[in-house]
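>>> Just to be clear, the model below is a prediction. Sequence and coordinates:
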Amino acid sequence: MHTEQHTGTLIVGAGPAGLAVAGRLTRLGLPFLIVEKAEALTPSWRNHYDRLCLHTTKEHSNLPGMDMPEHYPVYVPRLDLVAYYENYCREMGITPLFGQEVQRIRRQPEGWLTETPGCRFFSKNVVVATGYNRVPVLPDYPGQESFPGPFFHSREYRNAAPVAGKKVLLIGIGNTGAELALDLCENGANPVISVRGPVNFIRRDIAGRPAQRTAIFLSRLPDRLYDGIARFIQRITVGDLSAYGLLPSPYAPSEQLRRFGKVPVIDIGTIDRIKAGDIRIMPGIREFQSNEVIFENGQTEAFDVVIACTGYRAQVEDFLENAAPLLNERGYPSRLWFDAPEYRGLYFCGFTSPISGILRNIKIDSKKIAAQIQAVEAN
């Protein structure tokens, strides 16, 4: 038996993007409901690994209408961020409906129908804010099923305690892989990272200045000039890591993100540990043979644990009907909203990742979305 609810705007997802849109609509006095499949808000941040802190500064990571607490550090720890989000909901009067996993969103003559196991939501507008990292991606190598030890996605990692003293292979060196390797190294494990191709590193702080602030300043420049300056800064702060098995990217960090949507690795100490020999780099994986891994260069090495730091997909097509025309080549919505009649009233927030920070961009995009909803309501 389904219950029915009607609202002006339904927001799907009570993560930072959903809360940002909810905060904007609250301040504009526009009616909405916000649904979340988990039993608590911001579940991704709540369940991330223990040591995680923001890589972006607190003044560029807050939600609209409420600054981070003054006593918070520049880079906010995970649990402090969760506490901030909970307080934001209290202050703004935002009350998400939890345990509402969206199964289908489809167009109706007068708006949108969103279905969860227990409810049908009818709304003029739907804001999809289910996140850039919704569905974990697991690799599939020949012989992988023969590996006898723990083999899991980085989403399940909390801390190094269960693997202390063990030899751990991390697959991938994005921001998660680099930070997990550092955590393992600092807490008694022996990490090795398998890296398939070139890597773009940038230091989180340069001469005491957060890289995000520099990126925001440089983003005002023409792309070619921005890329040249970014490459120069990278050369003098990171240097050539090819001697350690890390090939340099042919693109500046800013160009790589602009062209391919791939965020550079923001370093908080992993580079120094690699240079010290505490974290080793190996090439891509060819196959598994029981607990031994054969790498693309022919070398074979045994491991106790494998952690796949292989990223996520948004996969909004899992629940949004006729989503394919709206997605770019990486599977993310290509715009905040679309003008075609069959998609009118459908919005997306939290699916872009600029070098100046995804949380900063959420604040910017939520303002545009709320203004568009208000403008349509006024006509």
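Now that the structure is in, tell me what you want to look at.
>>> what sits against Phe288?
Tyr141, Pro142, Gly143, Gln144, Ser146, Phe147, Ile294 (Cβ atoms under 8 Å, 6 or more residues apart in numbering). In short, each C-beta sits where N, CA and C put it, glycine included.
>>> Buried only: go through those for me.
Neighbour counting by 16 or more other Cβ atoms under 10 Å classes Tyr141, Gln144, Phe147, Ile294 among the contacts of Phe288 as buried.
>>> Can you lay out these as JSON lines showing secondary structure?
Listed next are the buried ones among the contacts of Phe288 as JSON lines, based on DSSP: H, G, I helix; E, B strand; the rest coil:
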{"residue": "Tyr141", "secondary structure": "coil"}
{"residue": "Gln144", "secondary structure": "helix"}
{"residue": "Phe147", "secondary structure": "coil"}
{"residue": "Ile294", "secondary structure": "strand"}
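>>> could you redo the contacts of Phe288 as TSV and give each row distance to Leu97 and pLDDT?
Shown next, in TSV, are these (distance: Cβ to Cβ, whole Å; pLDDT from 0 to 100):
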residue	distance to Leu97	pLDDT
Tyr141	41	97
Pro142	45	97
Gly143	45	97
Gln144	39	97
Ser146	44	97
Phe147	41	97
Ile294	49	98
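>>> The residue nearest to Asp223 when sequence neighbours are not counted: neighbour count?
Among residues not flanking Asp223 along the chain, Arg258 sits closest, at 6.9 Å (Cβ to Cβ, 6 or more residues apart in numbering). Burial of Arg258, expressed as a neighbour count using other Cβ atoms under 10 Å, amounts to 16.
>>> So Arg258 sits against Arg224, correct?
No: using Cβ atoms under 8 Å, Arg258 is not in contact with Arg224; the gap is 11.3 Å.
>>> per-residue pLDDT, Ile355?
Ile355 carries a pLDDT score of 71 in this model.
>>> Please apply the same query to Gly131.
On pLDDT, Gly131 comes in at 87.
>>> Is it in contact with Val12, as I believe?
No: contact criterion Cβ under 8 Å: Gly131 and Val12 do not qualify, at 10.1 Å.
>>> Regarding stretch 268-284, how distant is the last residue from the first?
End-to-end distance for stretch 268-284: 24 Å, by Cα to Cα, to the nearest Å.
>>> ok, back up a step: just the buried ones among the contacts of Phe288 now: which is nearest His153?
Gln144 (12.9 Å; Cβ to Cβ).
>>> Show me what counts as buried in stretch 93-103.
Ile94, Pro96, Leu97, Gln100, Val102.
>>> Format those as CSV; extra columns: secondary structure and distance to Gly311.
Formatted as CSV, the buried residues of stretch 93-103 follow (DSSP: H, G, I helix; E, B strand; the rest coil; distance: Cβ to Cβ, whole Å):
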residue, secondary structure, distance to Gly311
Ile94, coil, 30
Pro96, coil, 27
Leu97, strand, 29
Gln100, coil, 26
Val102, coil, 22
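>>> contacting residues around Gly345?
Per Cβ under 8 Å, 6+ apart, neighbours of Gly345: Gly111, Trp112, Ser123, Lys124, Asn125, Val126, Val376.
>>> May I have the predicted confidence score for it?
97.
>>> Tell me the spatial nearest neighbour of it, not counting adjacent residues.
Per Cβ to Cβ, 6+ apart, closest to Gly345 is Asn125, 4.4 Å.
>>> Number of residues surrounding that neighbour?
24.
>>> Pretty sure it sits against Phe348.
No: using Cβ under 8 Å, Asn125 is not in contact with Phe348, being 11.7 Å away.
>>> returning to what we had before: which of the contacts of Phe288 lies closest to Ala340?
Tyr141 (41.2 Å).
>>> Quick check: the closest one vs Arg196, distance?
12 Å (Cβ to Cβ, to the nearest Å).
>>> can you check Arg107 too?
40 Å.
>>> Quick check: phi and psi on the residue nearest to Asp223?
Here is the backbone geometry of Arg258 (degrees, to the nearest 10): phi -70, psi -40.
>>> Quick check, pLDDT for it.
86.
>>> let's have the chain start at 81 instead
With the count now opening at 81, the last piece we talked about shows up as Arg338.
>>> So it versus Asp307, what's the distance?
Relative to Asp307, and taking Cβ to Cβ, Arg338 is found at 9 Å.
>>> With Leu218 instead?
Taking Cβ to Cβ, one finds Leu218 at 34 Å from Asp307.
>>> Kindly format the C-alpha coordinates of the longest helix anywhere in the chain as PDB.
For the chain, the helix with the greatest residue count under DSSP state H is helix 438-458. Extracted C-alpha coordinates of helix 438-458, given in PDB (Å, rounded to 0.1, in the frame of the first residue of the first chain):
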ATOM      1  CA  ILE A 438      32.700  20.500  -5.500                       C
ATOM      2  CA  LEU A 439      31.200  21.900  -2.300                       C
ATOM      3  CA  ARG A 440      31.800  25.500  -3.500                       C
ATOM      4  CA  ASN A 441      30.200  24.600  -6.800                       C
ATOM      5  CA  ILE A 442      27.200  23.100  -5.100                       C
ATOM      6  CA  LYS A 443      26.600  26.400  -3.400                       C
ATOM      7  CA  ILE A 444      26.800  28.200  -6.700                       C
ATOM      8  CA  ASP A 445      24.600  25.700  -8.600                       C
ATOM      9  CA  SER A 446      22.000  25.500  -5.900                       C
ATOM     10  CA  LYS A 447      21.500  29.300  -6.200                       C
ATOM     11  CA  LYS A 448      20.900  29.000 -10.000                       C
ATOM     12  CA  ILE A 449      18.500  26.100  -9.500                       C
ATOM     13  CA  ALA A 450      16.400  27.800  -6.800                       C
ATOM     14  CA  ALA A 451      16.300  31.000  -8.900                       C
ATOM     15  CA  GLN A 452      15.000  29.100 -11.900                       C
ATOM     16  CA  ILE A 453      12.400  27.300  -9.900                       C
ATOM     17  CA  GLN A 454      11.300  30.600  -8.400                       C
ATOM     18  CA  ALA A 455      11.200  32.200 -11.900                       C
ATOM     19  CA  VAL A 456       9.000  29.400 -13.300                       C
ATOM     20  CA  GLU A 457       6.700  29.600 -10.300                       C
ATOM     21  CA  ALA A 458       6.200  33.300 -10.900                       C
END
